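Q: Predicted model follows, preceded by the sequence.
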Amino acid sequence: MERPSLEVNLPDTQNEGKLYVVDSLNNLNKLNVCPDESQHSLDEEENTGGTGENMAGSNTRNQSLFFVSFIATLIISLALVSFIIFLIIQTRNKMDQISSRLLSEKKNIEELKKINSILLKHLNQSGIKD
């Protein structure tokens, strides 16, 4: 049940090449030994130096950024809704003004029709014809 050792003969490579090969073999070994979830935690520990302080700071920063963006979105949405309500009210006022003008003009037209019919009756009775 022994694992075969991985021996690499690199007689012509420089030290950097050897380090690269060793690092690659270590990564390959981590992939074979560790499951995916624990590999991510190992990588995060390597990136943070094993302390986890950067993770806590980053998490707090992400939460505060989310909170600020959420509040900003709410404020913008409230401003847009208020503006739309303002436009609806203004449009309604204008429509009320226009409809009241139309009603007054309609009354004026009806009065003019009555006056016209009275004049026609008077002209017909007086006997003046064209």
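A: All right, it came through fine. Numbering: from 1, shown residues only.
Q: Could you tell me how many residues sit around residue 30?
A: The local packing of residue 30 (other CB atoms under 10 Å) involves 13 other residues. C-beta: built from backbone N, CA, C; applies to glycine.
Q: tell me the pLDDT at it?
A: We have a pLDDT of 74 for residue 30.
Q: helices or strands up against the longest helix along the chain?
A: The single longest helix within the chain, with elements called by DSSP state H, is helix 53-126. Counting contacts by 3 or more CB pairs under 8 Å, 6 or more residues apart in numbering; DSSP states H and E, helix 53-126 is packed against helix 36-48.
Q: per-residue confidence averaged over the helix it packs on?
A: 54.
Q: lowest-pLDDT helix or strand in this protein?
A: Least confident helix or strand of the chain, by mean pLDDT, DSSP states H and E, is helix 36-48 with a mean of 54.
Q: any low-confidence regions in the chain?
A: Counting by pLDDT under 70, the chain has low-confidence residues at 1-19, 33-56, 128-130.
Q: Could you measure from residue 102 over to residue 88?
A: Per CB to CB, to the nearest Å, residue 102 is found 21 Å from residue 88.
Q: now residue 124
A: Taken as CB to CB, the span from residue 124 to residue 88 is 53 Å.
Q: and if you look at residue 60?
A: Taking CB to CB, one finds residue 60 at 42 Å from residue 88.
Q: for residue 108, same thing?
A: 31 Å.
Q: and what of residue 94?
A: 11 Å.
Q: same thing with residue 118?
A: The gap separating residue 118 from residue 88 is 45 Å, by CB to CB.
Q: Over to residue 71?
A: Relative to residue 88, and taking CB to CB, residue 71 is found at 26 Å.
Q: Same question for residue 22.
A: According to CB to CB, residue 22 stands 71 Å off from residue 88.
Q: and residue 111, what does it touch?
A: Contact analysis of residue 111 by CB atoms under 8 Å, 6 or more residues apart in numbering lists nothing.
Q: Tell me the spacing between it and residue 120.
A: The gap separating residue 111 from residue 120 is 15 Å, by CB to CB.
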